[in-house]
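Trainee: Structure for the following, please:
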Amino acid sequence: MAAARPVLGAESKPVSVTPAKEVDFLDARWIEHTYFLTRKLNQPQRFQEEPVIGPSPAATKGTILPKGDGFAMWYTAPHRRGEKGKGPLYRKCVHYAVSQDGHTFEKPALGLRKFELSDEKNIILATDEVDAQGRPLNGNGGGLGFCVLDANLQKVPHARGRYTAMFRANLPQKGDGLCLAWSEDGLHWNAYPENPIPYGADSYSNFLYDEQLGLYVAYVRPRRIHAGPSRVNRLVARIESEDMIHWGNERVVLDADDRDAPAQGKLTSGDESLGYPRGRDIQFYGLTVSRHQDLYLGLASVYDSPKGSMWCELVHSYDGIEWRREVPREPLIPLGAEGSWDCGMVGTVSAGCPLAVGDDWYIYYSGTNWDHHFNIRGMKDKGMLRLIGAVRLKRGRLVGYQTGPAGSAGQESASGSRIPADWQNRGELLTRPFKMENARLFLNADAASGSVVVSVLGRDGKVVPGFSSKDAVPVEGDSLRSEILFRNGQSIAQLRGQEIRLRMLLANASVYGLAFAP
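Mentor: Have a look, this model is predicted:
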């Protein structure tokens, strides 16, 4: 189905935005100008106090994907064993869980693996695993992370089965690095004989196939492509591959800056053995990336080194390299309440977020009751917990433009003048021009306490006759898809094939995006 794309001036090439059924205003390329509106991150809400995976340990390294009439989750559980220096400190198993509603997960009694440190029956990969051909899948420490691609849901040109997984493992006689495995059912896995890819870090890795580039892209900790000592690598790099086997073109793509913390770090308990600080006190611990509409959506783990805490921040990019952060830089998923199971650290999963569930988006995260310095901050009687939780928000509403204090009557402007009373809780938004290739147009808006009036303009900013604000039917209520309608028999369908702009007059409301239909 054809849809719309914003365009620039008459002498400029169109913005590189592919046609889409929906457009979220997270993508600021659709916005020409706003007046008395605030661009605002819409923080999702925890929809239950308890984790969705518990009570056994469940690390940050997992994937949640639609499957059949429900959802499937692959996650790793780290089991602490012995003392440091005597084998792996943690041995990690991959577990499998299913859900019909996205928030109540069941652990099926698969009976595929037994593991001496766990009595759970949903383990699909333990430690020292080999596949049916005798090829090693992991080593005596298990695997770190489990990022899964489903070829039934997205293009994976070089897939050797329906499912492809990337994780880190230390293979016997082969060494440490990123590893690939494939499976037809998601339960029985086969190793790539080319393993390991000589690339790895102590944080998980996220990868995807980028159809626009025709490349596989992975987001990892940089090995050597960074300034400073060898282990100053709490930042994010990007590598790419044509075949999933040979990776290169490493470059740093996400790092903290002066707005996060000064360029002078402190030695924390985790850095003392190094003899030098890792860098700024605020650092990026990892990044999970997915394609969304015509941009790259990123969920970044942000680490406060002195405090040992971690939270999740929203970032986005138009090319997967230069990343944009919302202002102010506030958490998308903050730490849980004091004393809760996720009051120590909040991190992202490896893939699958956000996940559409009805009219909502679910975003899964891992949480701990202890910080990165191993101090238990809550629920001490439970010991050190690693669990998986979820937050939700309405679909398409990560970022919106809203009326608010900036439009309140009587408030002084920057020049010292007073804002007119008739602009109280009001504002305007003007879109970039786009070619209307559909018959119906919808607005994702919360106007439950007000209204949004939409008029149609030409590229030159002049109102199209019959589509003025006086002709418009006001959008009211809170809806993901409120149809934009006009009186006197005027229809958006009449504008098909034309380049138009939309002018939106908001009164005590928020707008989040557009949707198109035949």
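Trainee: Would you agree residue 137 is in contact with residue 179?
Mentor: Yes: counting by Cβ atoms under 8 Å, residue 137 does reach residue 179; the two are 7.4 Å apart. Backbone N, C-alpha and C define where each C-beta goes, glycine included.
Trainee: anything in contact with each of these two?
Mentor: Shared contacts of residue 137 and residue 179 (Cβ atoms under 8 Å, 6 or more residues apart in numbering): 143, 169, 191.
Trainee: Which residues are in contact with the second one?
Mentor: The contact partners of residue 169, by Cβ under 8 Å, 6+ apart, come to 137, 138, 139, 141, 142, 143, 144, 176, 177, 179, 195, 196.
Trainee: cutoff 10 Å now
Mentor: 92, 125, 127, 129, 136-145, 175-179, 181, 191, 195-196, 200 (Cβ atoms under 10 Å, 6 or more residues apart in numbering).
Trainee: same deal with the last one?
Mentor: Contacts of residue 191 were listed using Cβ under 10 Å, 6+ apart, and they are 129-138, 169, 171, 179-182.
Trainee: How about it: what's its closest non-neighbour residue?
Mentor: Once flanking residues are discounted, residue 191 sits nearest to residue 135: 4.1 Å by Cβ to Cβ, 6 or more residues apart in numbering.
Trainee: separation between that neighbour and residue 40?
Mentor: 51 Å (Cβ to Cβ, to the nearest Å).
Trainee: And for residue 518?
Mentor: In terms of Cβ to Cβ, residue 518 sits 32 Å off from residue 40.
Trainee: centroid residue for this structure?
Mentor: residue 299 (3.6 Å; Cα atoms, centre = their mean).
Trainee: and that one, what element?
Mentor: Following DSSP states H and E, one finds residue 299 within strand 295-304.
Trainee: so what strands line up beside that strand?
Mentor: strand 282-292 (antiparallel), strand 309-317 (antiparallel) (DSSP bridges).
Trainee: so how far is residue 141 from residue 114?
Mentor: In terms of Cβ to Cβ, residue 114 sits 18 Å off from residue 141.
Trainee: between these two, which one's more packed in?
Mentor: Using other Cβ atoms under 10 Å as the criterion, residue 114 and residue 141 rank with residue 141 on top: 20 against 11.
Trainee: My read is that the more buried one contacts residue 90, right?
Mentor: Yes: the pair residue 141 / residue 90 is scored as a contact, 6.9 Å apart, by Cβ atoms under 10 Å.
Trainee: Strands of the stretch 351-500 of the chain, start to end?
Mentor: Using DSSP state E, counting those that start in this stretch, the strands of the stretch 351-500 of the chain run over 355-357, 360-368, 386-394, 399-402, 426-431, 434-435, 440-458, 475-483, 499-507.
Trainee: Relative to the least confident helix or strand in the chain by mean pLDDT, what are the paired strands and their orientations?
Mentor: Scoring the helices and strands of the chain by mean pLDDT, DSSP states H and E places strand 70-80 at the bottom, with a mean of 87. Strand 70-80 sits in its sheet next to strand 62-67 (antiparallel), strand 90-99 (antiparallel), going by DSSP bridges.
Trainee: residues contacting the nearest residue to residue 254 once chain neighbours are set aside?
Mentor: Nearest non-adjacent residue to residue 254, counting by Cβ to Cβ, 6+ apart: residue 236, 3.9 Å away. Contacts for residue 236 (Cβ under 10 Å, 6+ apart) come out as 203, 206, 219-222, 252-255, 283-287, 289, 298, 300-301, 315, 323.
Trainee: now swap in residue 457 and tell me
Mentor: Neighbours of residue 457 in contact, by Cβ under 10 Å, 6+ apart: 430, 431, 433, 463, 464, 467, 468, 500, 501, 502, 503.
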